[in-house]
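return atomic coordinates for the entry below.
(one chain, ligands or ions: 1)
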Amino acid sequence: MNAVELEGVCRRYGAMTVLEGLDLSLAEGEVLGLFGHNGAGKTTTMKIVLGLLAANEGRVQVLGGAPDSTEVRRRLGYLPENVSFYPQLTGRETIRHFARLKGATQTQADQLLEQVGLAHAADRRVRTYSKGMRQRLGLAQALLGAPRLLLLDEPTVGLDPIATRELYELTDRLRREGTAIVLCSHVLPGVEAHIDRAAILANGRLQAVGSLTDLRVEAGLPSMLRVRGLADGERRVRDWQAQGLTARSLGTDGAEVAAINGHKLDLLRELLGEEAPQDIEIHAPTLEDLYRHYMQRAEGAVQ
Ligand SMILES: Nc1ncnc2c1ncn2[C@@H]1O[C@H](COP(=O)(O)OP(=O)(O)OP(=O)(O)O)[C@@H](O)[C@H]1O
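Modelled structure (predicted):
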């Protein structure tokens with residue numbers, strides 16, 4: 001059973017179509033990164049999965065049931081983009097309140113405060129919390145009741161680098177334990193290692209979905225090979241250019257060449273066989289490169 005199955009999902013607000021023909025599935029224990037420009041429809045997608053919004057068309061199945069059923073809701077966790085709490089309650093009162101609503105134990109509420117690094121501030125009022133502390137409290141709230149599906153909307157906003165790393169360590173652990181996670185973010189650097197697949201939304205349509213490896217092949221973006229310590233870097237660059245490759249010199253003994261899918265190993269063999277360079281760095285296209293590629297393609301399709 002997939003944790004999420006969306007088929008042909010459309011959502012309109014009045015005359016405006018926000019999602020159109022969205023097909024997306026998420027396996028148990030899988031982490032899907034959902035990326036897109038402001039207004040692309042990410043939050044709308046999450047709200048449909050959470051049963052907070054209905055689709056105008058299409059099929060939505062969550063944890064084997066309807067998203068708005070009580071049974072399914074009990075097994076969902078959600079960190080909204082803008083977390084807001086009663087400012088006069090303490091962190092502990094807040095999380096205990098949510099625990100009661102969700103049928104989770106007070107013991108778990110206290111453990112989660114510890115887990116998100118808020119134990120020291122548990123008895124302070126939320127109005128004295130920093131943005132990052134509120135975000136951690138939101139995360140603790142989302143984890144109440146051991147959800148099988150976790151939806152995190154911009155979870156790293158307001159988190160310092162250490163808290164961000166801890167968040168990803170937490171999602172890695174939850175993934176190993178079989179929790180399915182949808183992670184929406186505008187912060188692309190650092191997220192790659194913590195997702196199984198990326199889905200890129202633009203203009204209400206899914207532009208691409210797949211593992212980074214799949215998307216790299218599909219997008220056909222080059223890996224950059226940077227070589228140092230060549231006997232004659234300029235000659236090597238000229239040879240590559242003569243073969244139709246994009247290449248440039250890096251100082252006197254260095255060169256950079258763009259290797260399209262399939263060419264990378266040939267280029268490496270050639271370099272290692274002939275030149276014995278001192279160092280070769282391989283820079284595969286990053287998630288940001290892929291995101292930019294699919295966004296530009298989507299813009300081109302609209303114009
Ligand atoms: N309640 C609403 N009424 C009318 N339009 C809405 C409503 N909620 C969202 N929209 C519109 O739907 C579109 C998608 O919004 P959504 O919040 O899903 O985007 P998003 O990808 O999450 O954006 P962001 O990255 O800025 O959070 C936007 O054009 C937004 O203005």
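
going forward, measure contacts between C-alpha atoms and count neighbours the same way
Fine.

which bits of the stretch 101-250 of the chain sit near the ligand?
Neighbours of the ligand within the stretch 101-250 of the chain, by C-alpha under 6 Å from any ligand atom: none found.

nearest residue to the middle of this structure?
residue 33 (2.7 Å; C-alpha atoms, centre = their mean).

any idea which helix or strand carries that residue?
Residue 33 is part of strand 31-36, with elements assigned from DSSP states H and E.

now do that strand: which elements does it pack against?
helix 42-49, strand 180-184, strand 197-202 (3 or more C-alpha pairs under 8 Å, 6 or more residues apart in numbering; DSSP states H and E).

what helices or strands is the last one leaning on?
When you say that, I think you mean strand 197-202. strand 31-36, strand 205-210, helix 287-302.

what do you get for the second one?
Based on contacts counted as 3+ C-alpha pairs under 8 Å, 6+ apart, the elements that strand 180-184 packs against are strand 31-36, strand 149-153.

got a markdown table for the ones you listed, with mean pLDDT and distance to residue 249 too?
Below are those laid out as a markdown table (pLDDT from 0 to 100; distance: least, C-alpha to C-alpha, whole Å):
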| stretch | mean pLDDT | distance to residue 249 |
| --- | --- | --- |
| strand 31-36 | 96 | 35 |
| strand 149-153 | 95 | 43 |
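
need these in CSV (columns: distance to residue 164).
Formatted as CSV, those follow (distance: least, C-alpha to C-alpha, whole Å):
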stretch, distance to residue 164
strand 31-36, 15
strand 149-153, 13
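
out of those strands, which is closest to residue 160?
Of all the helices and strands packed on strand 180-184, strand 149-153 sits nearest to residue 160, with 16.8 Å by C-alpha to C-alpha.

residue 199 and residue 33 touch, don't they?
Yes: in this structure, residue 199 is within contact of residue 33 by C-alpha atoms under 8 Å, at 6.1 Å.

what bridges to the closest residue to residue 236 other than its chain neighbours?
In space, and not counting its chain neighbours, residue 236 is closest to residue 255: 7.7 Å by C-alpha to C-alpha, 6 or more residues apart in numbering. Here residue 255 sits in beta bridges with residue 227, residue 249, going by DSSP bridges.

state the number of residues packed around residue 255.
Look at residue 255: counted by other C-alpha atoms under 10 Å, it has 23 neighbours.

I figured residue 208 hits residue 214, correct?
No: Residue 208 lies out of contact with residue 214 (C-alpha under 8 Å); the separation is 9.9 Å.

okay, those two: which has more neighbours?
Using other C-alpha under 10 Å as the criterion, residue 208 and residue 214 rank with residue 208 on top: 19 against 14.

what's the closest non-adjacent residue to that one?
Per C-alpha to C-alpha, 6+ apart, closest to residue 208 is residue 200, 5.3 Å.

and residue 281, by the same measure?
Once flanking residues are discounted, residue 281 sits nearest to residue 226: 5.0 Å by C-alpha to C-alpha, 6+ apart.

who are the neighbours in contact with the one you found?
Neighbour list for residue 226: 254-257, 280-283 [criterion: C-alpha atoms under 8 Å, 6 or more residues apart in numbering].

please repeat the previous calculation with a cut-off of 6 Å.
For residue 226, the contact set (C-alpha atoms under 6 Å, 6 or more residues apart in numbering) comprises 255-256, 280-281.

among these, name the buried ones.
For the contacts of residue 226, a burial check counting by 16 or more other C-alpha atoms under 10 Å picks out 255-256, 280.
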